[in-house]
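**Student:** Provide a 3D model corresponding to the input given below.
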Amino acid sequence: MRARFLAAVFMVAVAGERLGAQTPVPTTSPSLPSPLVLADTVILSSFALANGATFASGPLTLNHVLIGGLTPSHYRVSRYPDFRDATWLAYAGNAPTWTGNAEQTGPCSSVQTLRFLAHFQVRARKTSASKTTSLTTPATYVQSNVRSDTTCLVISG
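**Tutor:** Purely as a prediction, here's the structure:
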């Protein structure tokens, strides 16, 4: 009898630990960071060359959608994923244009077109909470993720 009682107590204790150890249900969406994290970020949620057109001619618009609490100050675009041929340019609007060289990834289905691949990224200046920021203090930037897109560029001539 005592053995059955101890076994029952043990089973209740083990079951209670299992239930207590379960992970609580998340209160935020798993696809987006929490609002506190978003305040100090800039995220490219989408990017499309020439507004997603299958065929385009230059200069190409760099259509994109941003989320996060920071406003971009610069952008860069490159044919290389490591941006070795790109410099940061002043970000002045929601759809800057690009006339640079893109990665030629092969012919498109139409005559006088080439498939181009471009990588895009923005950055935002992170403001300091300190009111004693000096002019010699270097700026701190937060970089977004990188997005890529392709389009068939019409070759004239």
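
**Student:** check contacts around the closest residue to Ala39 other than its chain neighbours.
**Tutor:** Spatial nearest neighbour of Ala39, chain neighbours left out: Gly69 (3.8 Å); criterion: CB to CB, 6 or more residues apart in numbering. In this view, the C-beta of every residue, glycine as well, is placed from N, C-alpha and C. Shown in contact with Gly69 (CB atoms under 8 Å, 6 or more residues apart in numbering): 38-41.

**Student:** and Gly69, how far is that from Arg147?
**Tutor:** To Arg147, Gly69 is 19 Å away according to CB to CB, to the nearest Å.

**Student:** From the contact counts, what lies against the helix or strand hosting His119?
**Tutor:** Using DSSP states H and E, His119 falls within strand 113-126. Applying 3 or more CB pairs under 8 Å, 6 or more residues apart in numbering; DSSP states H and E, we find strand 113-126 packed against strand 43-49, strand 60-67, strand 74-78, strand 103-107, strand 140-143, strand 147-154.

**Student:** Paired strands for that strand, with orientation please.
**Tutor:** strand 74-78 (antiparallel), strand 103-107 (antiparallel), strand 140-143 (antiparallel), strand 147-154 (antiparallel) (DSSP bridges).

**Student:** JSON lines for these, including distance to Ser46, mean pLDDT and mean neighbour count?
**Tutor:** JSON lines is the format used below for the strands paired with strand 113-126 (distance: least, CB to CB, whole Å; pLDDT from 0 to 100; neighbours: other CB atoms under 10 Å):
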{"stretch": "strand 74-78", "distance to Ser46": "15", "mean pLDDT": "94", "mean neighbour count": "20"}
{"stretch": "strand 103-107", "distance to Ser46": "20", "mean pLDDT": "69", "mean neighbour count": "13"}
{"stretch": "strand 140-143", "distance to Ser46": "17", "mean pLDDT": "92", "mean neighbour count": "14"}
{"stretch": "strand 147-154", "distance to Ser46": "7", "mean pLDDT": "90", "mean neighbour count": "19"}
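
**Student:** TSV for those, including distance to His119?
**Tutor:** Shown next, in TSV, are the strands paired with strand 113-126 (distance: least, CB to CB, whole Å):
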stretch	distance to His119
strand 74-78	5
strand 103-107	9
strand 140-143	13
strand 147-154	5
